[in-house]
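Trainee: okay, here's the prediction I keep looking at, along with the sequence it came from:
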Protein chains: 2
Amino acid sequence: MSDKFARRMGTVHRSFIREILKVTANPEIISFAGGLPNPELFPVAAMDQASHEVFAEIGASALQYSTTEGDAGLRSIIASRYAGRGLEIDPDSIMVTTGSQQILDICAKVFLDRGDKVVIERPGYLGAIQAFSFFEPEFVTVSLEDDGPNLEELEETFKDGAKCFYAVPNFQNPSGVSYSLEKRKGVAELLDKYDVLFVEDDPYGELRFSGEDLPSVYSFCKKPGILCGSFSKIAAPGFRIGWVVAEKRIYDKLVIAKQASDLHTSTVAQAIMRRYLETNDIEAHVDLIKERYGRQCEAMVEMIGKYFPSEVSITRPEGGMFLWAIMPEGFSSMDLFDLAIKDKVAFVPGRPFYVDDSGENTLRLNFSNSDEKKIEEGIKRLGASIDSFLK
Amino acid sequence: MSDKFARRMGTVHRSFIREILKVTANPEIISFAGGLPNPELFPVAAMDQASHEVFAEIGASALQYSTTEGDAGLRSIIASRYAGRGLEIDPDSIMVTTGSQQILDICAKVFLDRGDKVVIERPGYLGAIQAFSFFEPEFVTVSLEDDGPNLEELEETFKDGAKCFYAVPNFQNPSGVSYSLEKRKGVAELLDKYDVLFVEDDPYGELRFSGEDLPSVYSFCKKPGILCGSFSKIAAPGFRIGWVVAEKRIYDKLVIAKQASDLHTSTVAQAIMRRYLETNDIEAHVDLIKERYGRQCEAMVEMIGKYFPSEVSITRPEGGMFLWAIMPEGFSSMDLFDLAIKDKVAFVPGRPFYVDDSGENTLRLNFSNSDEKKIEEGIKRLGASIDSFLK
């Protein structure tokens, strides 16, 4: 049946990261490869209580089919939480999705014709590259600098007829980079000027452990685009609950695409999440996560300073889950990976985050899922691997 | 931004059925329109217990990201249940999906290029028409007779270069028709002869309340296609847990497509469903459902005999959730719908189940979600509407 596969299957691939995760299943390996939130911080007991209340009080209706748009109460809570951060969002413009990954798929369905130009950051989020690839766009990249995208480059891509720009302005995956206030305004201006659709992915925005919270690019746009959020990093990913915000004309199309994709997101999962949010202090819980990730990030930066050769530069994230390291040109992090695995430490080589086969010398390090002791030992091992590799 | 929508958005529409469900929200209306399982039969207490055990015993790992393929224990249970019905399926060829709707989306992603010929039954399942439409195939239809598709017509469509055939051989939605043993074998022979991919959707197969269980078409094929299943009708739809069975080369592609769609199905939902299946007698539960739906179907057939004019013919389902009624040619069930709503009874007009704008005179009646008393009253009302309509 091989000849029956659709043409697009020639251009999409299994996630390299997921393959790496299999290698790192060995418990002797200290892994900075995954993109997992720290499970020690999952509110297990509160979710147990919430689910019991859902079954006892809501009963059968929590197990029935429900609307594509999602649980109305949950959407109201999402809107109130935006309001708490100064962004007015109508609950009717929020649709609950099966993780924020699903938003990327349905946005691609709704907007992308084959060959359409999609601008992404360089490096860019792998899940988006995968989701969009199924609709065969032409990827165009913009350099990600320490404070956000290079605006001249971005304008060039917009002039060149880009249909949409996908980005993660807060603590980006993979780089950990966050856009400055100036860059946010600059991006919004260009989006409006060239009428380019912005897909603003914000799974990590609430996880800022240093510096000041900054408004979304969405909030600066005259023609609002699409804003994506998720409970995966602030509560738990196993529910697969994300959401998308869009103005009515776009929203209606997203609903049609979501309906064809999976009818609606798990009613049970939505009911439990809603009850959890109604009966617990999620903001206090997010503070706990930020405090922990902040400490772990700081430890990683400190240990890198101590154990990595000075030729390796890194980003200094103010939030999120990832840090990015750059070796001198000409060194391949894929080769380093084999060496590091022998030294029992793992990371993600940067190449998969580039659509143009560059980024050979970069690597992504996750700090959310290792405690400070593991970070010290793992960075020490990795430092030794890099030392011998760069010699 | 309207001009930015992808071309495919011109050919897909919001589900007409979902729109109808809004009209029928009025509690005075007896609705045979929905496609809902009877919520009185949802195992609420058992799910409460199962979820408590999951949180108490599995804890954080039930809330973490997990594999795209799905929970290994759940896949083993699905395989054992197939074995119990005489079908040997390797658990490694089963992938858990976000409802069986998602299988249709990912199959379309993996197989359909624009313009590919997809054969569907006439009438056909609306969710499949919607999911496939996003990939712009050419739909070709085959008449559904009382015992399955017209095999001569089917062979013609295969000769004409069909890429795949999508069908619901057990208690089809919308018609309630089930394939005879001969037709199953005949379909399998044609699939092998013309090397056409079969997507066999089987959400209702376990809900046979009369007649004899028949093997899947899948089991007769030399080159196995894709077999889809779901917990929505035998446990509860709110979990959004379905599954797909496929041989390795196809399976690997489905995994890539699923990963890009939503990473994986809710870990929490899978863990609760698995625990429920491990600690409860699902077969006894399915027997309960069959007994109830059988009684309700019988009541509906009986009441139709009593209250419908004799010009209306119906199918006599041996399982599932739907019954199909056909009025004389020239009468429109869309017009009847408006009349029936005034008489406070609802159904689904058959037109949306046809891709060729035929089926004007047909209607779908759901019997799973109304008790016998409601069925008597509702069919009486509908009979009166039809009576005055056909005059």
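Mentor: Received the coordinates, thanks.

Trainee: just the helices in the stretch 151-300 of chain A please.
Mentor: Using DSSP state H, counting those that start in this stretch, the helices of the stretch 151-300 of chain A run over A:151-159, A:181-194, A:248-262, A:267-279, A:282-307.

Trainee: could you do the stretch 1-150 of chain A as well?
Mentor: Using DSSP H, counting those that start in this stretch, helices in the stretch 1-150 of chain A cover A:16-23, A:44-53, A:72-84, A:99-111, A:126-133.

Trainee: going by mean pLDDT, which of these comes out lowest?
Mentor: Ranked by mean pLDDT, these bottom out at helix A:16-23, with a mean of 73.

Trainee: give me the distance from it to the chain's centre.
Mentor: Chain-centre distance of helix A:16-23: 17 Å, with CA atoms, centre = their mean, to the nearest Å.

Trainee: which outside residues touch that helix?
Mentor: For helix A:16-23, the external contacting residues (CB atoms under 8 Å, 6 or more residues apart in numbering or on different chains) are A:29, A:31, A:33-35, A:126, A:337, A:341, A:346, A:348, A:351-352, B:67-68, B:259. C-beta coordinates here come from the backbone N, C-alpha and C atoms, glycine included.

Trainee: which of these tops the neighbour count?
Mentor: Per-residue neighbour counts (other CB atoms under 10 Å in any protein chain shown) across the contacts of helix A:16-23 peak at residue A:348, which has 27 neighbours.

Trainee: okay, the closest residue in space to that one that isn't next to it in sequence: pLDDT?
Mentor: Excluding the flanking residues, the one nearest residue A:348 by CB to CB, 6 or more residues apart in numbering or on different chains is residue A:364, at 4.3 Å. Residue A:364 carries a pLDDT value of 97.

Trainee: what lines up beside the strand or helix carrying residue A:364 in the sheet?
Mentor: Assigned by DSSP states H and E, residue A:364 belongs to strand A:362-366. Using DSSP bridges, strand A:362-366 pairs in its sheet with strand A:322-326 (antiparallel), strand A:348-349 (antiparallel).

Trainee: just put those strands in TSV and tack on mean pLDDT.
Mentor: What follows is those, written out as TSV (pLDDT from 0 to 100):
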stretch	mean pLDDT
strand A:322-326	98
strand A:348-349	95
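
Trainee: out of those, which comes closest to residue A:219?
Mentor: Nearest of these to residue A:219, taken as CB to CB: strand A:322-326 at 24.3 Å.

Trainee: after that closest one, which helix or strand is next?
Mentor: Counting by DSSP H and E, what follows strand A:322-326 is helix A:333-342.

Trainee: against which helices or strands is that next one packed?
Mentor: Applying 3 or more CB pairs under 8 Å, 6 or more residues apart in numbering or on different chains; DSSP states H and E, we find helix A:333-342 packed against strand A:348-349, strand A:362-366, helix A:372-390.

Trainee: as a markdown table, the ones you listed with distance to residue B:289 would be great.
Mentor: Shown next, in a markdown table, are these (distance: least, CB to CB, whole Å):
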| stretch | distance to residue B:289 |
| --- | --- |
| strand A:348-349 | 47 |
| strand A:362-366 | 45 |
| helix A:372-390 | 50 |
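
Trainee: scan chain A for its longest strand.
Mentor: When chain A is parsed with DSSP state E, its longest strand is strand A:138-145.

Trainee: in that strand, what counts as buried?
Mentor: Buried positions in strand A:138-145, judged by neighbour count with 16 or more other CB atoms under 10 Å in any protein chain shown: A:139, A:140, A:141, A:142, A:144.

Trainee: near chain B, from these?
Mentor: Among those, no residue sits close to chain B (CB under 8 Å from any CB of the partner chain).

Trainee: most neighbours per residue, which of the strands paired with strand A:362-366?
Mentor: Comparing the strands paired with strand A:362-366 by mean neighbour count (mean count of other CB atoms under 10 Å in any protein chain shown), strand A:348-349 comes out on top with a mean of 25.

Trainee: which outside residues touch that one?
Mentor: Here strand A:348-349 makes contact (CB under 8 Å, 6+ apart) with A:17, A:20, A:33, A:174, A:332-334, A:336-337, A:362-364, A:366.

Trainee: most neighbours among the residues you listed, which one?
Mentor: For the contacts of strand A:348-349, the largest neighbour count, defined by other CB under 10 Å, is 30 neighbours, found at residue A:174.

Trainee: if I pick residue A:293, what's in contact with it?
Mentor: Taking CB under 8 Å, 6+ apart, one finds A:38, A:207, A:209, A:319, A:320, A:321, A:367, A:368 in contact with residue A:293.

Trainee: so which of these sit within strands?
Mentor: Per DSSP E, strands hold no members of these.

Trainee: and the stretch 151-300 of chain A, which of its residues are near chain B?
Mentor: A:163-164, A:195, A:197, A:223, A:232, A:236-240, A:249-250, A:252-253, A:255-257, A:259-269, A:271-272.

Trainee: just the buried ones from these, in ChimeraX syntax?
Mentor: In ChimeraX, this line selects whichever of these come out buried by 16+ other CB under 10 Å:
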select /A:163,164,197,232,236,237,238,239,240,250,253,255,256,257,259,260,261,262,263,264,265,266,267,268,269,271,272
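
Trainee: quick check: closest non-adjacent residue to residue A:342.
Mentor: Spatial nearest neighbour of residue A:342, chain neighbours left out: residue A:385 (8.0 Å); criterion: CB to CB, 6+ apart.

Trainee: and what of residue A:69?
Mentor: Leaving aside its chain neighbours, residue A:69 sits nearest to residue A:95 (5.2 Å; criterion: CB to CB, 6+ apart).

Trainee: same check on residue A:198?
Mentor: residue A:225 (3.4 Å).

Trainee: quick one: distance of stretch A:192-205 to the chain centre.
Mentor: Chain-centre distance of stretch A:192-205: 14 Å, with CA atoms, centre = their mean.

Trainee: can you show me the CA trace of it as CSV?
Mentor: Extracted C-alpha coordinates of stretch A:192-205, given in CSV (Å, rounded to 0.1, in the frame of the first residue of the first chain):
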residue,chain,number,x,y,z
ASP,A,192,-0.8,45.2,11.0
LYS,A,193,1.1,47.0,8.2
TYR,A,194,1.3,43.9,6.0
ASP,A,195,-1.9,42.2,7.2
VAL,A,196,-0.2,39.0,8.2
LEU,A,197,-2.0,36.6,10.5
PHE,A,198,-0.1,36.0,13.8
VAL,A,199,-0.4,32.7,15.6
GLU,A,200,1.0,33.5,19.0
ASP,A,201,1.7,30.4,21.0
ASP,A,202,2.0,31.0,24.7
PRO,A,203,2.4,27.8,26.8
TYR,A,204,5.1,29.2,29.0
GLY,A,205,4.1,32.9,29.5
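
Trainee: what comes up buried for that stretch?
Mentor: For stretch A:192-205, burial by neighbour count (16+ other CB under 10 Å) applies to A:194, A:196, A:197, A:198, A:199, A:200, A:201, A:202, A:203, A:204, A:205.

Trainee: in strands, which of those appear?
Mentor: Those of these lying in strands (DSSP E): A:197, A:198, A:199, A:200, A:201.

Trainee: which one of the residues you listed sits closest to chain B?
Mentor: residue A:197 (5.8 Å; CB to the nearest CB).
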